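Asker: Sequence first, then the predicted structure:
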Amino acid sequence: MARRERVMRMSVEQPLWRALAGYRVLTMLYAVGLFASAYDEFTRPWVAIAYYGVLCGWTMATLPKVASAASCTKRFLTADLTIALAGILLTRLAASAERIDAGGPTLPSIWTAGAVLAFAIKGGWRWAAFASTLVAAVNLVYRGAPTRDTVHNVILVWVASIAIGYVVEVARASERTLARALEIEAATRERERLARDIHDSVLQVLAMVKRRGAALGGEAAELGRLAGEQEVALRTLVSGGLVPLSRLSEDAAEGAVVGAVQEDEPGSVDLRALLAPYAGATVNLAEPGAPVPLAPVAAREVAAAVGAALDNVRRHAGEHARAWILVEDEPDEVIVTVRDDGPGIPEGRLAQAEGEGRLGVALSIRGRLRELGGSAELISVPGQGTEVELKVPKDSTDVRGKAEQR
C-alpha cells in the first residue's frame, strides 16, 4: 500500500502580506494623483517629480519583498522606512509655505503607513511601535509645531500599526498551537492503527500460545506462561501509548508546517471480495448481488473490523459457534452486521476488558470505524448472542481528509 508524506501549510499571516502589497501600489498611485491635482501649489515641482520617480520605481521593484516574512528582510524595512521619512522632509523643500501651513499632505502621503505596517507584520507590535515613533518624530519636525491634524494622524498610525502587530503575534502563536494539535492528532491516529494491527496479529498469537501451552502442560506450559507475560506487557504498552508526543511544528515563511502520513490509493474496491474469505462452515455471509464499492482504505478497515468481531466470537463463544455476516448497500452508507449465537456478553464486561488493556472492541472495531467517520454499535443480551453493527459512509475517504485539515 503506497503511503506518502502530505505537507499542509497554514498561514493567517500570508493574506496580510498580499494586502500590504496591494496597499503599497494603490497608495503610491494616490500620492502621485494628489501631486498632479495640486501641481500649482509646489514651488519646486521638479523635487516632487524626482521623488515620485524613486517612489514608484522602489514600490514596483520591491513587490516580491512584501510577499512573505522570509523575503521582507530588516535591510529592506530600513530602506523602505528611510524613503518614507525622506519624502516627508522633502515636502518642505518642494511645496509652497501656504500648502504646508494649510496642513497639506506630505509627498508620500498615506504610503508612509505601508512602510510602518510592514514593520508590524514582520516583527509584531514592538517593531511597529519603533517605526511609527520615527514617523511621528519626523512629521513633527516637518510641521515645525504640533498641530491638531498632525497629532491626530500620528496617533492613528501609531495605534493602528501596534494593534496590527499585536494581532499578527497572536495569530502566529495560534498557528503554532493548531499545528501542534494536528501533529498530535495525526500521531495518535497512527498509533491507534498500529495498536489495532498488533491486537489483530501478535496479541492473538500470544493468547493462543498461552491457552495451548496451559492445556498441553510440561515444557509447553512454561512456554505458555512466558507468552502470557509478554501478552500482558504488550497490552500495557499498547493501551498506554494512545497519546504520543508529536513532532515539533516548523514556523516557515508560509506559516506553520504540519506533516501527516496519508495513504495514497485512489479508486474503489468491492467490499464483498474482502469479506468472502470469512465465509465458512460456521460463518454465513449474506451480501448484495451487485458490487459494494468503497475506498480501498475504508474497505480494508471494515473487513479488519469484521475479522476482529469474528475472532471475538471464536474466543468467547467457542470454535463451533455460528456467526452470520450481513452486508447492506445503502445510498449513503454501507452497513455490515455480524451476529453470533453465543452466550452473549455480561453487562459491564467491555468496560472491564478495556480497563485491563484488552482493546479488541475499543480499537479493532470501534476505533477503525470512528476514523472512517462511521460508527460501531454492539448489542448483546446474555444467553442470546451478540450483534455488532458497523456503519461506514461511502465518502469515508473525504471524511478522513477533512479531519486532517482541521
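Answerer: Arrived safely. Residues are numbered from 1 along each chain as shown.
Asker: alpha carbons only for contacts and neighbour counts from here, please
Answerer: Will do.
Asker: ok, W111 touching A31?
Answerer: Yes - between W111 and A31 there is a contact at 7.3 Å, judged by Cα atoms under 8 Å.
Asker: So for the two, which residue has more residues nearby?
Answerer: Comparing W111 with A31 by other Cα atoms under 10 Å, the one with more neighbours is W111, at 22 against 19.
Asker: How much space separates that one from E169?
Answerer: 23 Å (Cα to Cα, to the nearest Å).
Asker: repeat for R143
Answerer: The spacing between R143 and E169, counted by Cα to Cα, is 34 Å.
Asker: Provide a list of residue ranges in the protein with pLDDT below threshold.
Answerer: Within the chain, the segments meeting pLDDT under 70 span 1-12, 145-150, 152, 191-204, 229, 231-266, 346-364, 396-406.
Asker: Which stretches in it count as helices?
Answerer: 14-37, 45-61, 74-94, 97-101, 111-123, 125-143, 148-198, 204-216, 219-240, 271-275, 296-317, 349-355, 368-371, 396-404 (DSSP state H).
Asker: between the ones you listed, which one is nearest to R339?
Answerer: helix 296-317 (8.9 Å; Cα to Cα).
Asker: mind listing what's buried in the closest one?
Answerer: Neighbour-count burial for helix 296-317 flags 296-311, 313-314, 317 (criterion: 16 or more other Cα atoms under 10 Å).
Asker: Give the other helices and strands that it contacts.
Answerer: Helix 296-317 sits against strand 269-270, helix 271-275, strand 333-340, helix 368-371, strand 386-393, helix 396-404, with contacts defined as 3 or more Cα pairs under 8 Å, 6 or more residues apart in numbering; DSSP states H and E.
Asker: what's the angle between it and helix 148-198?
Answerer: Using axes from the mean of the first three to the mean of the last three Cα atoms, to 10 degrees, the inter-axis angle of helix 296-317 relative to helix 148-198 is 50 degrees.
Asker: looking at the helices and strands packed on helix 296-317, which is closest to P15?
Answerer: Proximity to P15 (Cα to Cα) singles out helix 396-404 among those, at 22.2 Å.
Asker: In space, what's closest to T73 - neighbours in sequence excluded?
Answerer: Spatially, and ignoring its direct neighbours in sequence, T73 is nearest to K65 (7.7 Å; Cα to Cα, 6 or more residues apart in numbering).
Asker: first to last residue in stretch 142-153, what's the distance?
Answerer: This stretch, stretch 142-153, spans 14 Å end to end (Cα to Cα).
Asker: For the residue nearest to T73, which residues are in contact?
Answerer: Counting by Cα atoms under 8 Å, 6 or more residues apart in numbering, K65 touches 71-73, 76.
Asker: Same check on V292?
Answerer: When contacts are counted by Cα under 8 Å, 6+ apart, V292 touches 269-272, 329, 334.
Asker: on that earlier part again, show me the one of the helices and strands packed on helix 296-317 that comes nearest E183.
Answerer: For these, the distance to E183 is smallest for helix 396-404, at 9.2 Å, taking Cα to Cα.
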